[in-house]
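J.: got a sequence here, can you model it:
(3 chains)
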Amino acid sequence: MTKIGLIVNPIAGLGGSVGLKGTDGMVEEALRRGAEPLSNARAAAALRELLPLRDTLLICTGADQQGGSCAESLGFKTRILHEASPRSDAADTRALAKKLIEEGVRMILFAGGDGTAADIYEAIGEKQPVLGIPAGVKIYSPVYASTPKAAGELARLYLAGTLTTLREVEVLDIDEELYRRDRVDVRLRGYLTIPEEKRLMQGRKAPSPLSEAAAAHAIAGSIIRDMEPDTCYLIGAGTTTRRIMERLELPNTLIGVDLICNKKLIEADVYGSRILELSEGWPLKLILTVTGGQGFLLGRGSQQLTPDVLRKIGKENIIVVATQKKMAALGGQPLRLDTGMEELDGQLAGYYRVITGYDQVVVAKAE
Amino acid sequence: MKRGFPNHPYIPNSVPEVEKEMLDFLGMKSLDDLHKNVPDALMFKGEMNIPEAFGSEYEMRRYVEELLDRDGDGKKYLNFLGAGCWQHYVPAICDEVNSRGEFLTAYGGEPYNELGRFQTQFEYQSLVAELVGMDVVNVPAIDWAQASATTCAMAQRKTGRKQIILPEILDPQKRSIIENFGRATTEFVTVACTEDGQIDLEDLKKKVGKDTAGVYFENPNYLGVIETRGEEISRIAHEAGAESLVGVDPITLGVMAPPPEYGADIVCGELQPLGIHMNYGGGLAGFMATRDEEDYVNEYPSRLFGIAPTTHPGEYGFGDVAYDRTSFGNLRDGAKEYVGTQAALWGLTAGVYLATMGPAGMEEVGQTCMQNARYAVQKLNGIKGIKANSLGGQYFKEFVVDFNATGKTVAEIQKILLSEGIFGGKDISGEFPRLGQSALYCVTEIHTQRDIDRLVNVLARVLA
Amino acid sequence: MKRIDRSSKVRTHFHQAKWDEPIIFELSTPGERGVSVPKAGQAVAAAVGDGVSDLPAALRRKERPALPEISQNRLLRHYLRLSQMTLGADVNIEIGQGTCTMKYSPKVNEQLAKKLWEMHPLQDEDTAQGILQIFYETDQYMREISGLDKFTFQPGGGSQAIFLMASLVRAYFESRGEDRNEVITTLYSHPSDAAAPAVTGYKIVYLQPDPETGLPDPEAFKAVCTDKTAAFMVANPEDTGLYNGQIGELVKHAHSVGALCCYDQANGNAVLGVARAKEAGFDMCHFNLHKTFSSPHGCSGPACGATGVVEKLIPFLPVPSVEYDGKKYYLDYGFADTKYGVTKVREFMGVAPVVLKAYCWIRMLGPNGLWQATKTAVLNNNYLFKRMMSIPGISAYYEDGNNQRVEQCRYTMEQVTKDTGVTSGDVQRRMMDFGMHFWTSHHPYYLPEPITLEPTESPSRKDIDEYADTVAHIIKECYEDPETVKTAPHRSTIHQVDERWMDDPEGWAITWKIYNRKYND
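T.: The predicted model follows:
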């Protein structure tokens, strides 16, 4: 019997169907407008892909709307670990997630949106394989499969042992206030681990591409080799930049920015004026990665990198890193800059050599 | 300006009516519309000074046949040339199989629609593995030189060290190729050879060090010399933490010990002797082979085919093994090599040859080569002025013949032999000045006693 | 009797041969022989003994290699069955392998190539005048086709030709004492346009496709093309099938900073007699004789990447070259500084049978035929394009009505995938149930769910229609019967391969030896 976890966020997606751009804090309004909850239907669509494995699976989940009814209705063996409060909320998501880890499940499927993903990360971190069934309004986090059906298929391949590689992805969140005013501002909330999709039948006339982890490893190697002595480097947050700290065997701040020099940690989790203080009199460079599927390079979410810091660094000292896969997913679209100061945006705009591997760069425009 | 070639047998849609209908379907007026995105400045407006097409397949065929009929070859002449390309017997089944249109024109399909291609490559890998005593063999490389260049690069990547040791006796074109290929990452150092043509162990001990990634040597080497101290060489390499890299002629391995028995870590070589015609140098194909260890498999730049089950029990399926792409545990920084079309049809052919010969056949062909070569050496040594197998050591099918005492140059002798219908062995006096007027002779299973006697009689008469 | 109904446009009754043939080792019976091998004559054996006893004991093979023992008849049957389970270009409507230019390889050329079988590359040049003339004349033809000054036929494939070009770049700048360490290429060029220069030691700078036009952005190019740039290495048309009309300006800019320009013309079938490397300003280019010039692909070689250069680069070419002194053809070994030059990539002087086949093909076409081949290939591709684009769910990026493709095209079926969950990999496998296939793309995918097709000039209109009808049929199945497509193939030689063993060092089996060692229950 393989144990897997299922978490459904029953209110995810409520807002979208009635013209609200998110659901957080807007549940009453959504219900008032007559919204129908969709997440259980989405979860069911994903679970249908697991029916071939039904006899070997035990689905551990929450009661009723948190996953129990969905699983039971399809005939899966279920074990209820949690009873949500009548208006199930983030605390329930987190509580169920923690219980699933204690239970020792092989992977966790969850249905929701960016908010749900952030809750799950907060509860369990990135050690456990998970996979998102898209059901929310805002889906910016790459932890979600493209459709509920695709999520189910990917889960099935992983559970059957056909897919064995895992990769880390970012958990992103949008500032909803800004979003409602038609401005996009992406924040990194954490990382989760998902099965890596593999294209079957690869390597026709050229070698297969590196896995994300291998690619990030190579990029980090290239960066470290080229690091100049007596120079301060700010290491931004992201799955690719983390590898640099790991290869240097330095602790790194998951969602923050660290300052290093001569391959040693100067200070972790630095911000704004502190950065300027510590790097006074030294050359300062910034290593950044491209965030999310939107190609965000610098946004208002990167609070630690204040306009003063960015001005000191200047465009020539910004080193951008990203895997080839990530760049390919952008399809050639420019990288986006939104520091909040138009003049600064203009100074930082232009062409960047994005480091995508060892001695390998991709030219990208940032605007 | 004449343009176009209607109703060409290779171009079905050059039928003017069909061409017009297709243009109409596209809403185009003429063929010029098809290249509207080529700017005027880049358009070629002249005429290509190429002969007009032959009026018929018959005329072209006759012309080319008459051109090539004038050429000599190993059938019209008695051939004793080797030096990287050798004349062996090609069983008829080899040509029958590799001329099948399905194999000849296959390329990059899947294990479903090109199962035969995958299976024959897998079988070739497996057959060569048995012959050379290793576990993993790659899809063929372009030639032995490329295979040895990649072998050196694999050792360099695996150990992270910069230096590769090459033997003094090495085909100069191979050396050139290996050095060009490894120029960016590798420093090449030469180890001397002793009088008898083998690796000088004392010099090797001096040159091997903590920077050495691998020691490359060949068995037999370019001058046909069998390396009898391979075990020592491997030991010296291993003690310094370097890889033992051995290049072989696989047709020796029916009678000779496979290199892993004397410590080889990577084996490479030339497949051409295994059922592939010389093709004026166009029949070359290289291979590399290693143990089934992650560290090695990780370093192959080329495709490796593996066997696997399918969704239906009992079916053999195949696919590409692609290990390092998903794990970075052993990832080395730095470029792997490029992957592209190489010489797969020859790999298929080598597989057919090995399956056809079987263990008994490989033993027999090896023995016959050795016997014929020794007979030639014995008889040639009966001629005044000639020293056959002048280096004095062990040999398989190739040996150096020293003509210094004859007073004639090898070039002169070659011309005389040519007029008698014989291709004499390669003139190596330019490549190895210390050997003076010497030539590299190759005697294989295709030479009968009469063939060898004929060579001997001509030389005896010429040098009397 | 009524007339037999043959009205179906699509081969719904196709089934690939399925012999379920064992692995060759399983056919072995001790004692069987596949061929008899010549033995040394009696007098020879009498004179020298058994020959092998001369070997020191340690070098004598102790155990026979575990090769199978099979009689000749069974061997032949094995291989012919395997050939029946291989869908070569000879057998199917070979439109699907986009960028591989799988055109018809005329059989007369195969028969002529037999004349080279017993020729040795080192035989006296007087006895090789015929083949040397063919090398020489093919060099002349390639010069006419490209506008460049000299060709070598030494590289054994397209990727090796690109490596040769990268080696030439390196040798050239070394001779000038210039330190340049970067090569610029594009993401839609062949991966070897990056990988081969990387082997040569260059850092690679990739230009991305513009999301609207699919072509590299000239401003991005100018931003990174500096005096550190050794070369601009690019394919045109690129894998998407778009011809880059701005290529001349990019070359001009590269030259203005002293860089060399290398033209990957693997897709040369698009422009024979229409556009040349010379007018675009390139310093060197390569053609794939086993693509554009019809030599068969051979399961992936032997092949030849003919490489041409402008005059100033001739001294750097690999040695020997084939020359003519007015009376005789000969091999010139003397023009390089070192014995074989610093750019040698392959032994001897070139891949003779491949060159011969290219020569014969060119002689059957002449300049008008070459132009016709290109025009018909492009016509076929545009015809196919229109048919493909009218299939609901199929589209092509960079399509604004103006971005016409030349020789090939990369399509996308992302809409179908969004609607049905069926991927291009699934459709690829379902194509095999109809005796066809296609290729998707190199990785990483810049275009999602790709399909890359290249008809060349070889198929007839009926062939192209059958191909497009089959794609349409399968796309319809994606909507109406997706399960059939996802679990394909059903009428091929085998069913879906369980690929998980390909990446697992514990589980993989690259040879029969390893398979038996790991799996011997």
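J.: quick one: the helices in the stretch 51-200 of chain C?
T.: C:72-84, C:107-113, C:129-146, C:158-175, C:192-200 (DSSP state H, counting those that start in this stretch).
J.: and these, which is most packed in?
T.: Comparing those by mean neighbour count (mean count of other C-beta atoms under 10 Å in any protein chain shown), helix C:192-200 comes out on top with a mean of 27. No exception for glycine: its C-beta is placed from N, CA and C like everyone else's.
J.: how distant is stretch C:17-30 from the center of its chain?
T.: Taking C-alpha atoms, centre = their mean, to the nearest Å, the mean C-alpha location of stretch C:17-30 is offset from the chain mean by 30 Å.
J.: my guess is A:G104 contacts A:T2, does it?
T.: No. In this structure A:G104 lies outside contact range of A:T2 using C-beta atoms under 8 Å: 10.8 Å.
J.: higher neighbour count, the two?
T.: Neighbour totals were compared for A:G104 and A:T2, and A:T2 leads with 13 against 10 (other C-beta atoms under 10 Å in any protein chain shown).
J.: assign B:L440 to helix, strand or coil.
T.: strand (DSSP: H, G, I helix; E, B strand; the rest coil).
J.: against B:N389, how distant is it?
T.: The spacing between B:L440 and B:N389, counted by C-beta to C-beta, to the nearest Å, is 11 Å.
J.: quick one: common contacting residues for these two?
T.: Taking C-beta atoms under 8 Å, 6 or more residues apart in numbering or on different chains as the contact rule, B:L440 and B:N389 both touch B:F399, B:V400, B:V401.
J.: so which strand or helix has the last one?
T.: Here B:V401 is covered by strand B:398-402, with elements defined by DSSP states H and E.
J.: and the helices of the stretch 51-200 of chain C: which comes nearest A:G68?
T.: helix C:192-200 (52.0 Å; C-beta to C-beta).
J.: mind listing what C:H190 touches?
T.: By C-beta under 8 Å, 6+ apart, the neighbours of C:H190 are A:K205, A:A206, C:T99, C:G158, C:S159, C:I162, C:A235, C:D239, C:D264, C:A266, C:H442.
J.: now the helices for the stretch 51-200 of chain B?
T.: Listed in chain order, the helices of the stretch 51-200 of chain B (DSSP H, counting those that start in this stretch) span B:57-69, B:92-98, B:101-104, B:115-132, B:144-159, B:172-182.
J.: who's A:R336 bridged to?
T.: Beta-bridge partners of A:R336, counted by DSSP bridges, are A:F296.
J.: ends of stretch B:274-293, how far apart?
T.: 27 Å (C-alpha to C-alpha, to the nearest Å).
J.: so for that stretch, what gets flagged as buried?
T.: Under the neighbour-count criterion of 16 or more other C-beta atoms under 10 Å in any protein chain shown, stretch B:274-293 has B:274-292 buried.
J.: surely B:N113 and C:L87 touch.
T.: Yes. In this structure B:N113 lies within contact range of C:L87 using C-beta under 8 Å: 4.2 Å.
J.: hey, what's in contact with both of those two?
T.: C:Q16, C:M432, C:H437.
J.: show me the least confident stretch of the helices of the stretch 51-200 of chain C, going by mean pLDDT.
T.: Ranked by mean pLDDT, the helices of the stretch 51-200 of chain C end with helix C:192-200 at the bottom, a mean of 91.
J.: chain center to that one: distance?
T.: Worked out by C-alpha atoms, centre = their mean, helix C:192-200 lies 17 Å from the chain centre.
J.: what lies in contact with it?
T.: Contacts for helix C:192-200 (C-beta under 8 Å, 6+ apart): A:206-207, A:359-360, B:181, B:183-184, B:335-340, C:158-160, C:162-163, C:165-167, C:169-170, C:183, C:185-186, C:204, C:206, C:231, C:233-235, C:264.
J.: quick one, it and helix C:158-175 angle?
T.: Comparing the axes of helix C:192-200 and helix C:158-175 via axes from the mean of the first three to the mean of the last three C-alpha atoms, to 10 degrees yields an angle of 50 degrees.
J.: orientation of helix C:192-200 relative to helix B:144-159 in degrees?
T.: Helix C:192-200 runs at 70 degrees relative to helix B:144-159, counting by the same axes, to 10 degrees.
J.: show the buried residues in the shared contacts of B:L440 and B:N389.
T.: Buried among these (16+ other C-beta under 10 Å): B:F399, B:V400, B:V401.
J.: show me the contacts for the nearest residue to the first one once chain neighbours are set aside.
T.: Meaning B:F399. Residue nearest to B:F399 in three dimensions, not counting chain neighbours: B:N389, with 4.3 Å by C-beta to C-beta, 6 or more residues apart in numbering or on different chains. Counting by C-beta under 8 Å, 6+ apart, B:N389 touches B:V377, B:N381, B:Y395, B:F399, B:V400, B:V401.
J.: gap between the two ends of stretch A:58-76?
T.: Start-to-end span of stretch A:58-76 (C-alpha to C-alpha) is 7 Å.
J.: what's the burial count for C:P489?
T.: Counted with other C-beta under 10 Å, C:P489 comes out at 22.
J.: show me the contacts for it.
T.: Counting by C-beta under 8 Å, 6+ apart, C:P489 makes contact with B:Y112, B:N113, C:R429, C:R430, C:M432, C:D433, C:H495, C:Q496.
J.: wait, a helix at it?
T.: No. Under three-state DSSP, C:P489 sits outside any helix and is assigned coil.
J.: which residue is the nearest non-sequential neighbour of it?
T.: C:M432 (4.5 Å).
J.: and the one you found, how close does it get to C:H15?
T.: C:M432 is 11 Å from C:H15, by C-beta to C-beta.
J.: swap in A:V105?
T.: If you go by C-beta to C-beta, the gap between A:V105 and C:H15 works out to 44 Å.
J.: ok, B:F103 next?
T.: Taken as C-beta to C-beta, the span from B:F103 to C:H15 is 20 Å.
J.: the two: which has the busier surroundings?
T.: B:F103 (27 against 12).
J.: pLDDT at that one, what is it?
T.: For B:F103, pLDDT reads 96.
J.: what does the one 5 residues further on give?
T.: As predicted, B:G108 sits at a pLDDT of 84.
J.: you'd agree it is up against C:W439?
T.: Yes. Taking C-beta under 8 Å as the definition, B:G108 is a contact partner of C:W439 at 6.3 Å.
J.: these two: who's more crowded?
T.: Just comparing B:G108 and C:W439: by other C-beta under 10 Å the higher neighbour count belongs to C:W439, 25 against 20.
J.: which residues touch that one?
T.: A:R204, B:G108, C:G96, C:Q97, C:G98, C:T99, C:C100, C:Q428, C:I451, C:T452.
J.: can you tell if stretch C:361-373 touches chain B?
T.: Yes. Using C-beta under 8 Å from any C-beta of the partner chain, stretch C:361-373 comes into contact with chain B via C:361-373.
J.: CA atoms only for that stretch - export them in PDB, please.
T.: Extracted in PDB, the C-alpha atoms of stretch C:361-373 (Å, rounded to 0.1, in the frame of the first residue of the first chain):
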ATOM      1  CA  TRP C 361      23.600  13.400 -57.600                       C
ATOM      2  CA  ILE C 362      24.900  16.700 -58.700                       C
ATOM      3  CA  ARG C 363      25.700  15.300 -62.100                       C
ATOM      4  CA  MET C 364      22.100  14.100 -62.500                       C
ATOM      5  CA  LEU C 365      20.700  17.500 -61.600                       C
ATOM      6  CA  GLY C 366      23.000  20.100 -63.000                       C
ATOM      7  CA  PRO C 367      22.600  23.700 -62.100                       C
ATOM      8  CA  ASN C 368      19.000  23.800 -63.200                       C
ATOM      9  CA  GLY C 369      18.200  20.600 -61.300                       C
ATOM     10  CA  LEU C 370      19.800  22.000 -58.100                       C
ATOM     11  CA  TRP C 371      17.700  25.100 -58.400                       C
ATOM     12  CA  GLN C 372      14.600  23.000 -59.100                       C
ATOM     13  CA  ALA C 373      15.300  20.800 -56.100                       C
END
